[in-house]
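In: Dropping a prediction and its sequence here:
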Amino acid sequence: MKLTEFVVKEAILPSLKATKKEDVIREMVASLKEAGAFRAGDEEAVVAAILKREELGSTGIGNGVAVPHTKHASVEKLSATVAISRGGVDFASLDGEDVYILFLVVSPPDRPGDHLRGLENISRHLRSPDFCNFLKQSTTSVDIWDLLVERDEGDRDA
């Protein structure tokens, strides 16, 4: 599974406006909605599902990275967006550090395998310091998309 198969290009946020965890989640969910990943009427329900998941434990996995995610019937297929916070966000991360790189993932409840494969793919790439540094340096959604394409092509060569 390639990043570009489930990251919604039109939903990428190269510079988050929000500075608080809940607001960041809302901004990212709104970007997915605006890109057509799900119906506008489902936006609040998706936000609520992600916030509920965050109550179980922060998806701030350390090293300046968070991967908020949920399963929700409003999406027909695995959908994700990428966002970069220039100032950092307190995401109650495991290492106590602010988060700068966020991947938000929403998948249909009846496709748990896709959900897990998507999360695994994201976390594998986020273990690369180079990938994270390039993401943080990206200033446009095109830069971020090109980086995802490059990573996918590197996977194919591996």
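Out: Cool, got the structure. Numbering: from 1, shown residues only.

In: if you count residues, which strand in the chain comes out on top?
Out: strand 79-89 (DSSP state E).

In: residues near Phe134, how many?
Out: Phe134: 16 surrounding residues under other CB atoms under 10 Å. Any C-beta I mention is one placed from the backbone N, CA and C, and that applies to glycine too.

In: ok, Leu104 - contacts?
Out: Contacts for Leu104 (CB atoms under 8 Å, 6 or more residues apart in numbering) come out as 25, 28-29, 32, 50, 67-69, 80-81, 83.

In: run the last query once more with 10 Å
Out: By CB atoms under 10 Å, 6 or more residues apart in numbering, the contact set of Leu104 is 7, 11, 13, 24-25, 27-29, 31-32, 46, 50, 59, 66-70, 79-83.

In: try Ala18
Out: 24-28, 30, 83, 85, 89.

In: on that earlier part again, of the contacts of Leu104, select the buried ones using a ChimeraX command.
Out: To isolate the buried members of these in ChimeraX, using 16 or more other CB atoms under 10 Å:
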select :7,11,13,24,25,27,28,29,31,32,46,50,59,66,67,68,69,70,79,80,81,82,83
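
In: Does the residue nearest to the spatial centre of the chain fall in a helix, a strand, or a coil region?
Out: The chain has Phe103 as the residue nearest its centroid, 1.5 Å off, counting by CA atoms, centre = their mean. For Phe103, the assignment made with DSSP: H, G, I helix; E, B strand; the rest coil gives strand.

In: Please look at it and His125 and confirm they touch.
Out: Yes - contact between Phe103 and His125 holds when scored by CB atoms under 10 Å: they sit 9.1 Å apart.
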